[in-house]
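K.L.:
Curious how this folds, go ahead:
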Amino acid sequence: MTFKLTKRSALIGAALSGALALIATSASAEWRGWNIHVDQYPVTQGMEAFLAEVSEKTGGELTGKLYNNGVLGDQPDAIEQTRLGIIDFGEFSLGPMGQSIPETNVVSLPFIFKSIPQMYRLMDGEVGDAIGAGMIAKGLVPLGWYDAGARSFYNSIRPINTPDDVHGMKVRVMNNDLYVAMIETMDGNATPMAFAEVYQSLKTGVVDGAENNPPSYESTNHFEVAKYYSLTEHLIIPECLCMSKKTWDTLTPEQQEILKVAGRNSAEVQRKLWQEREKASMDKVTAGGTIVNTIADKGPFQAAMAPVYDKFLAANPDLTDLVNMIRNAD
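P.N.:
Predicted coordinates:
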């Protein structure tokens with residue numbers, strides 16, 4: 001009998017110790033953070049600033065680790081993993097969220113934002129709140145709106161100053177019906193393809209042009225094979241530092257407030273670094289022989305997009321107020 005009691009006590013003690021260890025491990029576990037970018041990139045530095053502030057203000061209770069270069073999966077998969085709580089936080093473009101979170105697709109409408117400063121102001125205000133509400137309902141809590149610059153056209157044939165200049169041009173776009181429609185509305189030939197294939201496709205003439213922000217145009221050496229860069233700034237798609245709602249819901253209100261403040265502060269860090277990176281990229285491509293032109297009047301481009309908006313709103317009538325909120329803003 002003594003042996004059985006002793007053995008039972010030992011088993012209970014072991015189980016209790018294991019439970020306590022599990023609780024301690026759970027409390028001190030590092031969050032996993034998804035990031036597609038490399039070290040020393042503005043997004044990476046913004047996320048690092050976020051983690052540092054959270055750790056400092058919580059006395060080390062909340063910590064995380066960044067997994068750069070997309071090692072936790074590609075972006076669509078990582079968005080889903082974050083919604084499910086498998087990944088705790090990440091920095092994502094709003095573009096790929098459109099399939100599952102309709103509110104985020106609004107920012108993929110061409111020319112919906114008038115400028116980067118306007119995008120900052122609206123996303124930091126009621127527009128960001130409205131989009132954020134849609135994200136929260138689908139399991140993502142936005143903490144900060146990051147800058148991904150403005151996407152403009154580049155090609156190997158001619159400068160683009162009006163929609164007519166796109167006529168007949170083969171243009172690579174991201175795989176999104178809105179971007180395909182944008183090109184087709186200007187009588188161009190939209191060619192969705194993987195970003196990694198663009199350089200060779202430009203070089204061999206499979207496509208005449210593409211569109212992206214200055215750091216992407218420069219860092220991929222696309223400027224070597226497509227020397228005309230026209231600053232249409234047709235897509236200004238913000239990115240989001242997001243947390244899984246499943247992780248968020250485990251936090252105290254005080255911890256949640258710390259994260260909100262740290263997220264907004266990290267966005268300020270990222271935006272400043274992004275602007276510096278954009279200038280450096282433009283300086284490099286200009287020195288490399290790129291012919292850059294600004295667009296004196298974007299009105300004709302915006303007018304040409306009317307069919308794109310009509311089709312989008314017909315399919316998403318509940319988003320009409322949000323679209324008009326952005327389009328009518330100063």
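
K.L.:
Near the residue nearest to residue 76 when sequence neighbours are not counted, how many other residues are there?
P.N.:
Computed as Cβ to Cβ, 6 or more residues apart in numbering, the closest residue to residue 76 that is not its neighbour in sequence is residue 96, at 5.3 Å. (Glycine included, C-beta is placed from N, CA and C.) As a burial measure, residue 96 scores 21 neighbours (other Cβ atoms under 10 Å).

K.L.:
Quick check on residue 96: phi, psi?
P.N.:
Reported as degrees, to the nearest 10, the phi and psi values for residue 96 are phi -70, psi -10.

K.L.:
what separates it from residue 53, distance-wise?
P.N.:
Between residue 96 and residue 53 the distance is 27 Å, computed by Cβ to Cβ, to the nearest Å.

K.L.:
Check residue 37 too.
P.N.:
Residue 37 sits 19 Å away from residue 53, taking Cβ to Cβ as the criterion.

K.L.:
Check residue 187 too.
P.N.:
In this structure, residue 187 lies at 49 Å from residue 53, with Cβ to Cβ as the measure.

K.L.:
Counting neighbours, go ahead and name the busier of those two.
P.N.:
Applying other Cβ under 10 Å to residue 187 and residue 53 shows that residue 53 carries more neighbours, namely 18 against 13.

K.L.:
what's near enough to touch that one?
P.N.:
By Cβ atoms under 8 Å, 6 or more residues apart in numbering, residue 53 lies in contact with 258, 261-262, 265-266.

K.L.:
of the residues you listed, buried ones?
P.N.:
Using 16 or more other Cβ atoms under 10 Å as the burial test, the contacts of residue 53 include 258, 262, 265-266 as buried.

K.L.:
Could you list which of those residues belong to helices?
P.N.:
Among the buried ones among the contacts of residue 53, the members falling in helices are 258, 262, 265-266 (criterion: DSSP state H).

K.L.:
Take stretch 45-60, keep the C-alpha atoms, and write them as PDB.
P.N.:
Included here for stretch 45-60 are C-alpha records, laid out as PDB according to Å, rounded to 0.1, in the frame of the first residue of the first chain:
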ATOM      1  CA  GLN A  45      13.400  47.600 -39.500                       C
ATOM      2  CA  GLY A  46       9.900  48.800 -38.700                       C
ATOM      3  CA  MET A  47       9.000  45.400 -37.400                       C
ATOM      4  CA  GLU A  48      12.100  45.200 -35.300                       C
ATOM      5  CA  ALA A  49      11.300  48.600 -33.800                       C
ATOM      6  CA  PHE A  50       7.800  47.300 -32.900                       C
ATOM      7  CA  LEU A  51       9.200  44.200 -31.200                       C
ATOM      8  CA  ALA A  52      11.800  46.200 -29.300                       C
ATOM      9  CA  GLU A  53       9.100  48.700 -28.000                       C
ATOM     10  CA  VAL A  54       6.700  45.900 -27.000                       C
ATOM     11  CA  SER A  55       9.400  44.000 -25.100                       C
ATOM     12  CA  GLU A  56      10.600  47.200 -23.300                       C
ATOM     13  CA  LYS A  57       7.200  48.400 -22.300                       C
ATOM     14  CA  THR A  58       6.100  45.000 -21.000                       C
ATOM     15  CA  GLY A  59       9.300  44.300 -19.100                       C
ATOM     16  CA  GLY A  60      10.100  41.400 -21.400                       C
END
